[in-house]
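# Got a predicted model here, sequence first, then my questions.
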Amino acid sequence: MIWIYREDRLCEIPSLADALGILGAQKGRPAASAAGASGSPGCRCPARCPVVSAVGAGGKTTALHRLAEEFARQGQQAVVTTSTHILEEDEPYFLRAAAGERLADRKLREAARAFADQVREKLDRFGQVWTGSPAPGGKLCGLPELFMEQIWKLNVPVLVEADGARKMPMKVPAAHEPVIHPRTTHVLSVYGLDAVEEKLENVCFRKELAEKILKKNGTEPVTPEDIALLAASPEAGRKGCPEQAAYTVVLNKADNAERRETALAICSLLKDRGIGRVVVTSRMDVRKQ
């Protein structure tokens, strides 16, 4: 299930794309801005196909799967890629691009054109394609720029996993993180509600950075205030967010009433910090529906 924070309560909404105001993105047509689609204040997104970058904690891949499936079910198309790493899954819509850094310029351009044909074929068949360059450990990494140029020419929504958290429910980025493309129109900053009341050192990736921002010890429990502070911080959740992008906090794993109450408390704290765009999700995996 999916909820948005509105008028001091959680309101159920049909889809994540609806919550973000990007469901209007159609093949060959620009998307409506989030402000125009959802009436959310403060959004300055350009009226073109959305580029969604997911950062923060574990749950980013699930959120992107959810979005890609929603587009496909609406007869629309989406490309999913990464600026860091994603796991390569045994699904027909995954596409491993050529290792471009080992190709000469002419061969690289030929490979980029062949790649574009493969992407179009998978989009026509499956409505989505997940792609990246081969990387160790069964992963995919970012595409060469010539390959990304082919992606932009498709004029379809592009969803980017732009951060890594080793599946932990909290994350504070290092100096080189996250890797958010300048074209990004929507940033999703993900946090897991299962972190609350657990020791910070057990649930936070790069916990030493979190300790500095939160001014607390790693053995202390995480509070709703901690998550709200990190999500609102330009050194944590908002780090690298382009000025034009709509910033949305995603609180996942709201799988019971207690966690939804925690989510509501975090939403209120974020509102006090000037962040009104919050989406709350349960653990539901749309690929199994």
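Thanks, I have the structure now. Numbering: from 1, shown residues only.

# Now do the contacts for Glu70.
Ser15, Leu16, Ala17, Leu23, Val286 (C-beta atoms under 8 Å, 6 or more residues apart in numbering). For every residue, glycine as well, the C-beta is placed using N, CA and C.

# got a winner among those for most neighbours?
When neighbours are taken as other C-beta atoms under 10 Å, the top entry among the contacts of Glu70 is Ala17 (28 neighbours).

# Out of the contacts of Glu70, which sit inside strands?
Assignment to strands by DSSP state E places none of those there.

# From those, pick the one nearest Tyr93.
Set against Tyr93, the nearest of these by C-beta to C-beta is Val286 (14.1 Å).

# Give me the below-cutoff pLDDT ranges for the stretch 101-250 of the chain.
Within the stretch 101-250 of the chain, the segments meeting pLDDT under 70 span 101-104.

# Helices along that one, start to end?
105-126, 145-153, 200-203, 207-214, 224-232 (DSSP state H, counting those that start in this stretch).

# And the longest one, what does it pack against?
Think helix 105-126. Here helix 105-126 touches strand 94-96, strand 128-135, helix 145-153, going by 3 or more C-beta pairs under 8 Å, 6 or more residues apart in numbering; DSSP states H and E.

# so which of the helices of the stretch 101-250 of the chain comes closest to Cys49?
helix 145-153 (9.0 Å).

# what distance separates the closest one from the centre of its chain?
Mean C-alpha position of helix 145-153 versus that of the full chain (C-alpha atoms, centre = their mean, to the nearest Å) differs by 20 Å.

# tilt between it and helix 105-126?
40 degrees (axes from the mean of the first three to the mean of the last three C-alpha atoms, to 10 degrees).

# Does anything pack onto helix 145-153? Which helices or strands?
Looks like helix 145-153 contacts strand 78-82, helix 105-126 (3+ C-beta pairs under 8 Å, 6+ apart).

# want to throw those into TSV with mean neighbour count?
Listed next are these as TSV, based on neighbours: other C-beta atoms under 10 Å:
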stretch	mean neighbour count
strand 78-82	27
helix 105-126	15
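
# so which of the helices and strands packed on helix 105-126 is the most packed in?
Of the helices and strands packed on helix 105-126, the one with the most neighbours on average (mean count of other C-beta atoms under 10 Å) is strand 128-135, at a mean of 22.

# Pro50 and Thr184, how far apart?
9 Å (C-beta to C-beta, to the nearest Å).

# Nearest to Pro173, out of the helices and strands packed on helix 105-126?
For the helices and strands packed on helix 105-126, proximity to Pro173 was assessed by C-beta to C-beta; strand 128-135 is nearest, at 19.8 Å.

# That closest one to helix 145-153, inter-axis angle?
In terms of direction (the same axes, to 10 degrees), strand 128-135 departs from helix 145-153 by 170 degrees.

# Show me what strand 128-135 is packed up against.
Helices and strands touching strand 128-135, by 3+ C-beta pairs under 8 Å, 6+ apart, are helix 60-73, strand 78-82, strand 85-87, strand 94-96, helix 105-126, strand 139-141.

# Centroid-nearest residue for the protein?
Closest to where the C-alpha atoms of the chain average out (C-alpha atoms, centre = their mean) is Ala54, at 2.0 Å.

# Mind telling me what element it is part of?
strand 51-56 (DSSP states H and E).
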